[in-house]
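Enquirer: Predicted model and sequence below, questions to follow.
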Amino acid sequence: MAGIKGFFTSIATMQGLVAVVIAVVLCTVILFFGKKFGKPMSTKTVVAIGIGAALYAALSTLSIPIGPNTSFRIAILLLPIFGAFFGPTAGFLVGFIGHALNDAFLWGNVWWSWVFMSAMLGFFGGFVRMDRRFDPLNGLCNRFNLLSMYIWSAVGMAAGSFMAYFGDVYLYGEPTEKLFIQITLANISNLVVIFVIGIPAIGLIAKSRAKSSGLKKEE
């Protein structure tokens, strides 16, 4: 109960209201363009967001401290995976909701500027879905798609770092020297998890699905 109370109490703060407004605007824009190009939000995607956010919140409890209020978290690999499978809105919400829930249940409040670090990784990780030939759940993933995922993940790290920095400085009044260390360590950690484990995992999943599909066709 304390975690749920902390979650809603954090939303009622100035930082929480700003974060929610930004999240709603971003998701609305993406959903609008999704419908325009024939890719509306499906029931399957909504279910995936709920499962992904819960998994991300739970796995984020498994962390190794690497600096001031900064830790190595294997849960980060879920963000590009859910983004690649279900699109940028799903990736964003898995990171946004999952990170916020983890903060609320572990610490009793949510540090909203860093919630966007996770949200941006999932958000930009989903931009690979713009290629209609990319569908890892049906075994469609080529080298160009993998390269795109690396590029979009790097953009997501940059965008997340920007939002975490300005959020901490202008909404929380944090010292810039401390933020530089935190953001640098967080990006190194995220780089290792996403580039070395997360993206290759998407390629392997697509490859295994392609083999399964091939076996079915032969039968």
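Expert: Perfect, thanks for sending it.
Enquirer: For the residue most central in space within the chain, which three-state class applies?
Expert: Residue closest to the mean C-alpha point of the chain, counted by C-alpha atoms, centre = their mean, is residue 122 at 2.6 Å. Following DSSP: H, G, I helix; E, B strand; the rest coil, residue 122 is assigned to helix.
Enquirer: With adjacent residues omitted, what lies nearest to it?
Expert: With C-beta to C-beta, 6 or more residues apart in numbering as the criterion, residue 122 has its nearest non-adjacent residue at 2.9 Å, and that residue is residue 91. C-beta here means a position set from N, CA and C on the backbone, and glycine is covered the same way.
Enquirer: Tell me which residues touch residue 100, please.
Expert: Residue 100 is in contact with 7, 10, 110, 112, 115, counting by C-beta atoms under 8 Å, 6 or more residues apart in numbering.
Enquirer: these two touch, right, the last one and residue 96?
Expert: Read it as residue 115. Yes: contact criterion C-beta atoms under 8 Å: residue 115 and residue 96 qualify, at 5.8 Å.
Enquirer: so after whichever helix in the chain runs longest, what's the next helix or strand?
Expert: Determined from DSSP state H, the single longest helix within the chain is helix 143-171. On the C-terminal side of helix 143-171, the nearest following helix or strand under DSSP states H and E is helix 176-191.
Enquirer: Can you tell me which helices and strands that next one packs against?
Expert: When contacts are defined as 3 or more C-beta pairs under 8 Å, 6 or more residues apart in numbering; DSSP states H and E, helix 176-191 packs onto strand 63-67, strand 70-73, helix 143-171.
Enquirer: Look up the pLDDT of the residue nearest to the centre of the chain for me, please.
Expert: Looking at residue 122, its pLDDT is 94.
Enquirer: What of the one 3 residues further on?
Expert: Residue 125 is assigned a pLDDT of 92 by the prediction.
Enquirer: need the contact list for it.
Expert: Taking C-beta under 8 Å, 6+ apart as the criterion, residue 125 is in contact with 79-84, 88, 91, 149, 152-153, 156, 194.
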